[in-house]
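Visitor: Build me a structure from this.
(one chain, ligands or ions: 1)
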Amino acid sequence: MADETVLEETRLDDTRKYDIVVRMLKERGATLEEIAELTFDLQKEYVPELTMDTCLEHVKRVVMKREVQNAVLTGIELDILAEKGAISEPLRTILMDDWGLYGIDEVLALAIVNVYGSIGFTNFGYVDKLKPGIIKKIDDVGKAKDKCNTFLDDLVGAIAAAAASSIAHRYA
Ligand code: MG
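Guide: Numbers count the residues shown, from 1 in each chain. From the prediction side, this is the model:
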């Protein structure tokens with residue numbers, strides 16, 4: 001009985017966390033629909049019958065995963081704290097300036113990509129290099145002096161890549 005209660009609370013927590021994660025992503029500049037557009041671009045070549053609805057469905061499925069939620073919650077929180085000046089130096093400057101050799105933003109995003117194996121990894125590398133659509137927008141906003149999107153761009157790219165991998169597994 002006690003175990004059941006714990007399980008039930010955990011499940012409720014994940015649903016609540018899903019809503020929080022979706023809201024945080026949107027407030028920081030990325031809707032699930034915009035992420036699904038990246039997924040569509042990654043997979044359209046391989047799955048001719050692919051629709052935006054299918055992409056959105058897989059993006060939602062990715063964001064339901066606990067590993068993904070935890071990565072997003074952690075990364076976005078660090079972006080926000082950096083903007084507020086609530087992070088000590090030298091990390092604050094590293095995050096505010098999106099220092100290229102920092103690398104932990106990509107490492108955190110791998111926690112998302114790894115859920116779907118090696119295709120996810122390849123897709124993430126592609127998004128990270130080309131910076132398509134919403135990723136470019138997020139990067140440009142992050143360049144403002146008082147804004148920090150150091151983690152957000154990688155999280156969004158990773159969710160899109162993970163959803164693309166989820167589709168690839170389904171249609172392969
Ligand atoms: Mg980054």
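Visitor: if I look at the residue in the chain that the ion sits nearest to, how far off is S166?
Guide: Taking C-beta to the ion as the measure, the point where the chain comes nearest the ion is D105, at 3.8 Å. In this view, the C-beta of every residue, glycine as well, is placed from N, C-alpha and C. D105 is 22 Å from S166, where distance means C-beta to C-beta, to the nearest Å.
Visitor: swap in M24?
Guide: To S166, M24 is 21 Å away according to C-beta to C-beta.
Visitor: same question, F40
Guide: Taking C-beta to C-beta, one finds F40 at 13 Å from S166.
Visitor: repeat for K44
Guide: Computed as C-beta to C-beta, the K44 to S166 distance reads 15 Å.
Visitor: So for these two, which residue has more residues nearby?
Guide: More crowded of K44 and S166, by other C-beta atoms under 10 Å: S166, with 23 against 14.
Visitor: right, and that one touches H58 too?
Guide: Yes: applying C-beta atoms under 8 Å as the test, S166 and H58 come out as touching, 4.5 Å apart.
Visitor: Mind checking what helix or strand follows whichever helix or strand L110 is part of in sequence?
Guide: According to DSSP states H and E, L110 maps onto helix 104-113. Using DSSP H and E, the helix or strand that follows helix 104-113 in sequence is helix 118-130.
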